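> What follows is a predicted structure for the sequence shown.
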Amino acid sequence: MKQELHIQLRQLREERNISLEELAHKATIGASKLEAYEAGSETPSVQTLLKLSNALEVPASNLVDGLQNE
């Protein structure tokens, strides 16, 4: 079963022992935006999903699958 995007983002970040601020810096997005994505209160654009997948070193399809379940 696929997880929702916000849960998946947080799990991937925590598995890699990356702080919220560090991931935001690596993905060149604001920490407050990333926090909103992880809380599920906002949905990232496709471009932002690509940045996050690169920063987390996972295939973009992993995150897009989570987005499609929301």
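Thanks, I have the structure now. It should be emphasised that the depicted structure is a prediction, and the values quoted were computed from it without experimental measurement.

> does the residue positioned nearest the centre of the chain sit in a helix, a strand or a coil?
The C-alpha lying nearest the average C-alpha coordinate of the chain belongs to residue 9 (CA atoms, centre = their mean; 3.8 Å). Of the three states, residue 9 takes helix according to DSSP: H, G, I helix; E, B strand; the rest coil.

> what's the neighbour count on the closest residue to it other than its chain neighbours?
Spatial nearest neighbour of residue 9, excluding adjacent residues (CB to CB, 6 or more residues apart in numbering): residue 38 at 5.2 Å. Yep, even glycine has a C-beta here, placed from its N, CA and C like the rest. When neighbours are counted by other CB atoms under 10 Å, residue 38 registers 20.

> Residue 38 touches residue 5, doesn't it?
No: proximity of residue 38 to residue 5 does not meet the contact threshold set by CB atoms under 8 Å, at 9.2 Å.

> shaky segments in the chain?
Along the chain, the model assigns pLDDT under 70 to residues 1-2, 66-70.

> Secondary structure element holding the closest residue to residue 28 other than its chain neighbours?
Spatial nearest neighbour of residue 28, chain neighbours left out: residue 51 (6.3 Å); criterion: CB to CB, 6+ apart. In this assignment (DSSP states H and E), residue 51 forms part of helix 46-56.

> how distant is that helix from the center of its chain?
Remark: helix 46-56 is offset 7 Å from the chain centroid, using CA atoms, centre = their mean, to the nearest Å.

> does the closest residue to residue 44 other than its chain neighbours count as helix, strand or coil?
By the measure of CB to CB, 6+ apart, the closest residue to residue 44 outside its immediate chain neighbours is residue 37, 5.2 Å from it. Secondary structure assignment for residue 37 (three-state DSSP): helix.

> can you count the residues close to the closest residue to residue 30 other than its chain neighbours?
Using CB to CB, 6+ apart and skipping the chain neighbours, the partner closest in space to residue 30 is residue 24 (6.2 Å). Neighbourhood size, residue 24 [other CB under 10 Å]: 22.

> for the strand or helix carrying residue 24, packing partners?
If you go by DSSP H and E, residue 24 is part of helix 20-27. Secondary-structure packing of helix 20-27 (3 or more CB pairs under 8 Å, 6 or more residues apart in numbering; DSSP states H and E): helix 31-39, helix 46-56.
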